[in-house]
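J.: The following comprises the amino acid sequence and a computationally predicted model.
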Amino acid sequence: MPFDKITLIAALAITVCLFGYALGRRVGKQEGIKEGMSILPLEWRRQLNETSVCPLCSLRLNQHKNCDNIHSRD
């Protein structure tokens, strides 16, 4: 009889721990996705400032040509 009670208590403890683990993992994934979505625009802006290449469309930005002749002295 005491062995049955100990087995039942151990099974319930393991079940509760696994349920807590599963719930915590689900909540943690959702928080991670929210944090990643909030950090992503900052990461894109950092990449754009460092490389001058748009991370969304891969276009090279800030390629300006000097079209006016203010500084050319002939």
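T.: Structure received.
J.: Could you say which helix or strand holds the residue nearest the centre of the chain?
T.: Closest to where the C-alpha atoms of the chain average out (Cα atoms, centre = their mean) is residue 36, at 2.6 Å. Take DSSP states H and E as the rule and residue 36 turns out to sit in helix 2-51.
J.: helices and strands around that helix, which ones?
T.: Taking 3 or more Cβ pairs under 8 Å, 6 or more residues apart in numbering; DSSP states H and E as contact, there are no helices or strands that helix 2-51 lies on. In this view, the C-beta of every residue, glycine as well, is placed from N, C-alpha and C.
J.: Is residue 57 part of a helix or strand, or is it coil?
T.: Classification of residue 57 using DSSP: H, G, I helix; E, B strand; the rest coil returns coil.
J.: Any idea how many residues pack against it?
T.: Residue 57 has 7 neighbours, counted by other Cβ atoms under 10 Å.
J.: Roughly how far does it sit from residue 45?
T.: 15 Å (Cβ to Cβ, to the nearest Å).
J.: do the same with residue 24
T.: 33 Å.
J.: Please apply the same query to residue 19.
T.: Distance of residue 19 to residue 45, given as Cβ to Cβ: 41 Å.
J.: now do residue 52
T.: As judged by Cβ to Cβ, residue 52 and residue 45 stand 12 Å apart.
J.: And for residue 9?
T.: According to Cβ to Cβ, residue 9 stands 55 Å off from residue 45.
J.: Kindly report the same for residue 6.
T.: 59 Å.
J.: Okay, residue 38 and residue 16: tell me how far apart.
T.: For residue 38 relative to residue 16 (Cβ to Cβ), the value is 33 Å.
J.: cool, and residue 55?
T.: Applying Cβ to Cβ to residue 55 and residue 16 gives a distance of 45 Å.
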